[in-house]
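Student: return atomic coordinates for the entry below.
(chains A and B)
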Amino acid sequence: MAQGQKGKLNYRCPRCLMREVDMDMLYDREADEYYCLRCSFTGDEQEVLRLNAQFREKYRDRMRRITEF
Amino acid sequence: MSNFYITIIHRPEMVPEYIQREAEQGQKEDLARNSVLQESLDIFRTQQQIAHDNNLRTTIQMTYASLFNQEAISVAKEHHEKYGDEIGSTFLGLQCQEFRDRFKSRELAIWLFSMDDKRRIVDEVFRKFQEVFGFYPTSTGSYYMDAELINYIKEKYPMIKVAIATCWEEGPKAYWNANNSWYTLMDGGPWNPWIPSRCNIHCPASDENDDIGIVAIPHLSRDLLAVFDGPGSYYGTHPQNILRGMVYEDREIPYFKNIVDQYRSMAKYNHGYAYNMMFVGPGWMSKNGRWEADYDFLIKSYQDGMAYYGRLKQEDKAIDVTMSQFADIYRQDRPYTRPECTLWKDILYGSKRQQFWYADPWMRFCLDMNQGGAMIDLRPYAAKLVRPCGVGTKYVQDASYPFLVQSLYRAGYFTHYAGEGAVKSCKIGYKGEEIDLCVCRTIASFSENGDTRIVTLDPVTIEFSQFSLQVQSIIRITEGTGEVEIIRRIVDTDDPTADITIDEYITACYGTTEYPEDLTGTQLTLRGAGRSESIDYAYQCREATVENIRLAEALVPQANTRLSMRTNIKDAAGYFREGFAFSPMYTIGIRKTVTGKGELRTWLKIEKAS
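Tutor: Below is the predicted model:
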């Protein structure tokens, strides 16, 4: 199998991110997938982006400008 | 008129960790790699330009490595002359070839060196600074500056008046967040500037004798709710931290402005004063991108943040000051006993949750309105614990200030079937039914009456099987007393003949991390009008009750703290409850029975034990 290398934008593992662990992933060019050394996640870029979008959903006010305090 | 002060700090960090790591991929370490040095300097220049474009002055904290770089030195001198930026010194960014040659160490954290090394490094950093600039700095900092380090600095370099001294709540959560690799274990300090104690940097000084001689500012202004239960490096006035937390959509980050505005609102809790700081190292704006964000987005987030500060300044809603200017201003109107307080509201998760944060020389605590005003964090500052950190000390990396209550590290209200978690709350009882106010969400308002800060919670409804009643909680803290007065008042009831028990309690422990500490030696005592009871904690599940209670007390030698509760009535009972190894907490409480309506008023006091 190919040597893992840093991928585009240093994607963190989205599964580890769900538990608030920042874990940079490695990228396997042959398989065109990212993989995590900690939790065994594997996935292509689309899967990473999909899960990252899911991660953001917990921030329901992420796009709300709040001015009254 | 309120004053909102902002300090913007930049550092020419010649070998930023993230950029260096990128450059090292597949290569050996090279601290003098030109591409890294140049990229770092470019980013530093860019940061400075963004600030100046928005008419904001900065504090340039020169790293040791940058003192050997003519370009960095020239920029600092030029911007000091042209824009009035302050040239200070930082103990971040120590690592460079000169440091490695002189100190033979790869350590990067000043607070983790041995005390001998700390002295040597301070002397060398300030010597070099003076050689380069012809004067000594008046501001310094790091992620953490222990009291022993600052005491030494003040002894040798008394001109130092301000330091970045902690990262708020960067403890076990930050360690976990970094895959257990980031050793900033420093929970327990204030979230806004303070004058530290000579004994422990986390504690606000009690008086002039206890004053360490500097004003401390925290590294970043953080979201007080999100960071209590999440990584500090996701939620604060650091745009790239927010990118790391992914709190954005379509490259827009309204959350940054929301944090700034909530900090601005702190003026109403603190006599018209509010504060904010931004401190982004160049490593966060790597040209390779970081945290799933490309370089353009990294830069845009910084520009947007700085533009907001600039706009506030333009509208006379913010005052930009350097660190040393801020220290002078802060000291002009800061009696030692004045607390810092904030009724923080959720600006992230879409709830209406509020938490009230309070810090003074006696204690720091947090009340959670989602749990009926329960106290979910309590740090005994009055103990002024001397806890040196670094190599050669007992605690080495653990620079946190101990807690007596930390509900997230010790379960809080919800536990499984066995035992109980650390929290201070109240139970309302009727004929075998018992409801903890922790299950009653509410909201609070803040007011002041002379020297007393008052948090008034909206009444909550307690539903027993046969009837309902309404309970209101009021928390009052009178400046300079070291006591928290807690009033639990039944303001309405469906059954005015019912005998209701009001049971105010605190379940506490001692610790700095998620893991339990040995409580052997803690002494639980009840002092009543007629008799007293006392035990030494030994995990034996013992309990006692004393009628006509005067004082219920826990003496915690591990934290050199005396934690006590008293009441102003004669017919209340006091009790204690010892824990066991699977649930190693202790509880002290005071309860009283009222018919129909009535109230229980208790005072929680924190004192130094010895």
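
Student: note down every partner strand of the helix or strand where B:E607 lies and its orientation.
Tutor: Assigned by DSSP states H and E, B:E607 falls within strand B:598-608. Take DSSP bridges as the rule and strand B:598-608 pairs in its sheet with strand B:483-493 (antiparallel), strand B:561-567 (antiparallel).

Student: winner for burial among these?
Tutor: With neighbours taken as mean count of other C-beta atoms under 10 Å in any protein chain shown, the strands paired with strand B:598-608 reach their highest mean count in strand B:561-567, at a mean of 23. To be clear about C-beta, it is placed using only N, CA and C from the backbone, and glycine gets the same treatment.

Student: I'd like to know which elements the helix or strand following that one is packed against.
Tutor: Heading C-terminal from strand B:561-567, the first helix or strand you meet, by DSSP H and E, is strand B:573-580. With contacts defined as 3 or more C-beta pairs under 8 Å, 6 or more residues apart in numbering or on different chains; DSSP states H and E, strand B:573-580 has these neighbours: strand B:523-528, strand B:532-536, strand B:543-546, strand B:549-556, strand B:583-595.

Student: wait, which of the ones you listed is closest to B:M266?
Tutor: Taking C-beta to C-beta as the criterion, B:M266 comes closest to strand B:549-556 out of the helices and strands packed on strand B:573-580, the separation being 31.3 Å.

Student: if I take that closest one and strand B:583-595, what angle do their directions form?
Tutor: 170 degrees (axes from the mean of the first three to the mean of the last three C-alpha atoms, to 10 degrees).

Student: what does chain A put close to chain B?
Tutor: Contacts of chain A with chain B, taken as C-beta under 8 Å from any C-beta of the partner chain, map to A:5-6, A:9-12, A:16-17, A:20-23, A:38, A:52, A:55-56, A:58-67, A:69.

Student: buried subset of the residues you listed?
Tutor: Among these, those classed as buried by 16 or more other C-beta atoms under 10 Å in any protein chain shown are A:6, A:9-12, A:16-17, A:21-23, A:52, A:55-56, A:59, A:61-62, A:66.

Student: and these, which of them are in strands?
Tutor: Counting by DSSP state E, those place A:K6 in strands.

Student: same for the helix or strand harbouring A:L49, what does it pack against?
Tutor: Secondary structure assigned from DSSP H and E places A:L49 in helix A:45-56. Contact here means 3+ C-beta pairs under 8 Å, 6+ apart; on that basis helix A:45-56 packs against helix A:14-18.

Student: and for the helix or strand following the helix it packs on, what's in contact with it?
Tutor: Using DSSP H and E, the helix or strand that directly follows helix A:14-18 along the chain is strand A:26-28. By C-beta atoms under 8 Å, 6 or more residues apart in numbering or on different chains, the list of residues contacting strand A:26-28 from outside reads A:1-2, A:4-8, A:11, A:33-35, A:37.

Student: now do the contacts for the closest residue to B:L224 other than its chain neighbours.
Tutor: The shortest distance from B:L224 to any residue other than its chain neighbours is 4.1 Å, reached at B:W344 (C-beta to C-beta, 6 or more residues apart in numbering or on different chains). Neighbour list for B:W344: B:223-225, B:262, B:354-357 [criterion: C-beta under 8 Å, 6+ apart].

Student: domain-wise, how is chain B divided?
Tutor: For chain B, automatic domain parsing gives the domain ranges B:3-335, B:362-608.

Student: adding distance to B:G350 and mean pLDDT, write those domains out as TSV.
Tutor: TSV is the format used below for those (distance: least, C-beta to C-beta, whole Å; pLDDT from 0 to 100):
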stretch	distance to B:G350	mean pLDDT
domain B:3-335	12	95
domain B:362-608	13	97
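
Student: A:R29 is nearest to which of those domains?
Tutor: Ranking the domains of chain B by their distance to A:R29 (criterion: C-beta to C-beta) puts domain B:3-335 first, at 14.3 Å.

Student: find the closest residue to chain B in chain A.
Tutor: Among the residues of chain A, A:R60 lies nearest to chain B; the distance is 2.9 Å by C-beta to the nearest C-beta.

Student: in the stretch 351-500 of chain B, what residue lies closest to chain A?
Tutor: With C-beta to the nearest C-beta, the shortest gap between the stretch 351-500 of chain B and chain A falls at B:S351, namely 8.2 Å.

Student: which residue is the nearest non-sequential neighbour of that residue?
Tutor: Here the residue nearest B:S351, using C-beta to C-beta, 6+ apart, is B:N370, at 7.6 Å.

Student: pretty sure that neighbour contacts B:R353?
Tutor: Yes. Using C-beta atoms under 8 Å, B:N370 is in contact with B:R353, at 4.8 Å.

Student: what about these two, which has more around it?
Tutor: Remark: of B:N370 and B:R353, B:N370 carries more neighbours, 20 against 17, as counted by other C-beta atoms under 10 Å in any protein chain shown.

Student: and residue 12, what does it touch?
Tutor: Because you didn't say which chain, this covers chain A. For A:R12, the residues meeting the contact criterion (C-beta under 8 Å, 6+ apart) are A:22-25, B:291-292.

Student: can you look at chain B instead?
Tutor: B:P12 makes contact with B:40-41, B:44, B:60, B:62-63, B:66, B:69, B:72, B:75-76, B:93, B:282, according to C-beta under 8 Å, 6+ apart.

Student: re earlier: closest one to B:V491 among the helices and strands packed on strand B:573-580?
Tutor: strand B:583-595 (11.9 Å).

Student: neighbouring strands - and their directions - for the closest one?
Tutor: strand B:499-508 (antiparallel), strand B:573-580 (antiparallel).
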